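> Pasting the sequence and the predicted model now:
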Amino acid sequence: MHPDQLNRDTVLGLCRVAAMIEANGRPRGRPLAGSIAITAFFEASTRTRLSFESAVVRLGGGVLSVPDGKVTGVAKGESLADIGEMFTGYGDVVIVRHPDPTSVEEICESAGIPVINAGNGTAHHPTQALADWYALLKWRPDLALDDCPEESRIHLVVFGSPSTMRAVNSFLWLASRFGSALRRITVASLFADPFDDDLRAELESAGIDLELTDDPASVVADADVLYMNAIVPVADGFVTQDDAVTVSASSGLRPGAVVMHPLARGAELDEDLDDTAHNLYFAQAAGAVFIREALLLGILGDHEAVASACAPIRRTT
Ligand code: CP
């Protein structure tokens, strides 16, 4: 899965199903009963694996969990394509995280069941982006209007480099679906040009005013939303980038501004923000269960209910 597969109506529809589950409770009758999800994580995770597993179990499905790829045949030299072939016989959907950007494609080549990308190296983390936009649209539902008034549009400031940070990359891909709600996007990065060509083209074609800076401290005070990340996955762990500034309760954020972070955090996000109204990052992580439930229902569950919820929003006046 690439965020390119998530158009605006799909994102809004999934958010609507997630919100219905969060507000009204889960659909009756254990809609995923009899379905098995395989979570195949070849790289460390706290939130993504557990929230997917929580989502499956809460909807009545079963989980086969691979929390560490080293316990698979990879340890004996088995290829991802062969492992993908095996998944086909054991589950109904597979959720894959891997440090190699080509991994998900390799598994897709042989897997005969749907494959969900749960983070492929530096490339993408599409379901994180869904969780991000679910949190943002709950914070400001008016951002979903396709005629969001000019005075309501937000300045989105991103600390991080989309070309190396998968969560930032996917978040910005989905930002292109909400250009009408954005006054400007400012990216603070240590790279002179942190965009891949296709992301830049996507944002520009959405009419978004893009600004780059190498001085993150200079843009904190003008942010309505500050999206931060510093972790870059590498083969045997991670490195940090773009962590030159620590954002804290005394960084001069606007009173109504919110801070988002896919977590895990490093020194860039001070714990003294946790108990302030700026903290959207814990809600972002908690809401991920609901949006992942919505996605799993769309793939394995009641397509009609999900399709009707996916009808475009039309404002009545
Ligand atoms: N946000 C995120 O991907 O966290 P994990 O690495 O803990 O899954």
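Everything's here; your move.
> Show me which positions of stretch 108-122 end up buried.
108, 110-111, 113-122 (16 or more other Cβ atoms under 10 Å). All C-beta spots, glycine's among them, are computed from the backbone N, C-alpha and C.
> wait, which of these is closest to residue 242?
residue 122 (13.2 Å; Cβ to Cβ).
> Now do the SS call for the closest one.
coil (DSSP: H, G, I helix; E, B strand; the rest coil).
> where's it relative to the ligand, distance?
13 Å (Cβ to the nearest ligand atom, to the nearest Å).
> okay but that residue is in contact with residue 167, surely?
No: using Cβ atoms under 8 Å, residue 122 makes no contact with residue 167, being 10.3 Å away.
> Tell me where the model's unsure across the chain.
Residue ranges of the chain with pLDDT under 70: 1, 302-317.
> how many neighbours does residue 54 have?
Residues lying near residue 54 (other Cβ atoms under 10 Å) number 15.
> which residues touch it?
By Cβ atoms under 8 Å, 6 or more residues apart in numbering, residue 54 lies in contact with residue 289.
> What does the residue nearest to residue 131 when sequence neighbours are not counted show for phi and psi?
Distance criterion Cβ to Cβ, 6 or more residues apart in numbering; nearest residue to residue 131, sequence neighbours excluded, is residue 288 at 3.8 Å. Main-chain torsions, residue 288, degrees, to the nearest 10: phi -60, psi -30.
> Check residue 117 too.
phi -80, psi 110.
> Repeat that for residue 156.
Main-chain dihedrals, residue 156, degrees, to the nearest 10: phi -100, psi 120.
> if I read this right, it contacts residue 186, doesn't it?
Yes: using Cβ under 8 Å, residue 156 is in contact with residue 186, at 7.4 Å.
> related to what we said a few turns ago, widest-spaced pair of the buried residues of stretch 108-122?
113 and 122 (25.8 Å).
> Skip the chain neighbours and tell me the closest residue to the residue in the stretch 201-317 of the chain that the ligand sits nearest to.
Residue of the stretch 201-317 of the chain nearest the ligand, by Cβ to the nearest ligand atom: residue 262 (3.8 Å). Counting by Cβ to Cβ, 6+ apart, residue 262 lies nearest to residue 167, which is 4.0 Å off, once chain neighbours are set aside.
> Equivalent analysis for residue 204, please.
Nearest to residue 204 is residue 210, by Cβ to Cβ, 6+ apart, at 7.0 Å.
> all helices of the stretch 201-317 of the chain, in order?
Here the stretch 201-317 of the chain has its helices, by DSSP state H, counting those that start in this stretch, at 281-300, 303-309.
> ok so, going back, for the residue nearest to residue 131, what are its contacts?
Neighbouring residues of residue 288 by Cβ under 8 Å, 6+ apart: 47-48, 51, 127-128, 131, 134.
> Okay, and the spatially most central residue of the chain sits in which element?
The chain has residue 128 as the residue nearest its centroid, 1.5 Å off, counting by Cα atoms, centre = their mean. If you go by DSSP states H and E, residue 128 is part of helix 126-139.
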